[in-house]
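# Predicted model and sequence follow; I will ask about them next.
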Amino acid sequence: MSEHISLQQVTLRFAALTVLQEIDLSLEKGEFVVLLGPSGCGKSTILNLLAGFTQPQQGRVLCGGEPVRRPHPSRGMIFQQPNLFPWLSVLENVTFGPRLRKHNRAEVESRAREWLKRVGLAGFENHAPWQLSGGMKQRVALARAWLPGPEVLLLDEPFGALDAQTRMMMQELLREAWLATETTLLFVTHDVEEALFLADRILVMSARPGRIVDEIRLPFGRQRNIETLASEPHYSDIKRHVLQRVRHEAKRHLTPFTEEE
């Protein structure tokens, strides 16, 4: 595999606040990596850098070896809220981006219907967003993000607002779509069990200023069963290690004074 996206010695400050400090991070093509860490450690900021929404003060942000300077359709993003246009139908929401770029309408709609079928929404093409449940809206967002065929998909806690049962279903849908497309995925979450089910690798970030402080390569293979994963050898030990590491960083985040102070 070859390196697909990377941050090289990236430092980012907002006013006097250092959010990220000398971040080195890379993903191979087709890899699924999850970022874990305390609130405010810069996880979402890393996604914004890779999306091209933000530029660092120091270091380089690369995709396919080229500097990331602005948003591009090759890098999709999914947020915690689906952000659907309430005045558009499900199908119109999914095809909105490609239609702006004047793609062939019939071809785009055909592929959109395929994606809606893949995420279990066949027959809902003409529904309005207000007629859908929260999980269904997020499935629309998933289809919309994948329709243009992005090389990279950046996901910022996309299932955080869903109930537990819907969340599990969405995790399985996401894994199935990823395995079918081999898209490079960088996924932010606070949920350790979600990370253990989804990821090839887990990267743990420190309390602010954010740095990568631990890397865990998961040995479970890509064909995972969400119902039986907890019985896999080493699952309990890995989960305990990740929880301890994240909890340690969260405690540091709550400490009002550092040793240097």
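Structure received. Everything quoted here is computed from the prediction, not taken from an experiment.

# which ones are touching the residue nearest to residue 91 when sequence neighbours are not counted?
Distances taken as Cβ to Cβ, 6 or more residues apart in numbering put residue 125 closest to residue 91, at 4.1 Å, once the chain neighbours are dropped. For the C-beta atoms, the positions are set from N, CA and C on the backbone; glycine is no exception. Remark: with contacts taken as Cβ atoms under 8 Å, 6 or more residues apart in numbering, residue 125 is in contact with 89-91, 113, 116.

# How confident is the prediction for residue 125, by pLDDT?
Residue 125 carries a pLDDT score of 96 in this model.

# on that earlier part again, which two in the contacts of residue 125 are spaced the farthest apart?
Taking every pair in these and measuring Cβ to Cβ, the maximum separation is 12.2 Å, between 89 and 113.

# What segments of the stretch 51-200 of the chain are helices?
Counting by DSSP state H, counting those that start in this stretch, residue ranges of the helices within the stretch 51-200 of the chain are 90-94, 96-100, 105-118, 134-146, 164-181, 192-198.

# Adding mean neighbour count, mean pLDDT and distance to residue 223, write the ones you listed out as JSON lines.
Compiled in JSON lines, those are given as follows (neighbours: other Cβ atoms under 10 Å; pLDDT from 0 to 100; distance: least, Cβ to Cβ, whole Å):
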{"stretch": "helix 90-94", "mean neighbour count": "23", "mean pLDDT": "96", "distance to residue 223": "28"}
{"stretch": "helix 96-100", "mean neighbour count": "15", "mean pLDDT": "80", "distance to residue 223": "32"}
{"stretch": "helix 105-118", "mean neighbour count": "16", "mean pLDDT": "92", "distance to residue 223": "18"}
{"stretch": "helix 134-146", "mean neighbour count": "23", "mean pLDDT": "93", "distance to residue 223": "20"}
{"stretch": "helix 164-181", "mean neighbour count": "16", "mean pLDDT": "92", "distance to residue 223": "8"}
{"stretch": "helix 192-198", "mean neighbour count": "22", "mean pLDDT": "96", "distance to residue 223": "12"}
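
# Same list (these) but as a markdown table, adding distance to residue 221.
Supplementary listing: those in a markdown table, determined by distance: least, Cβ to Cβ, whole Å:
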| stretch | distance to residue 221 |
| --- | --- |
| helix 90-94 | 32 |
| helix 96-100 | 34 |
| helix 105-118 | 23 |
| helix 134-146 | 23 |
| helix 164-181 | 11 |
| helix 192-198 | 12 |
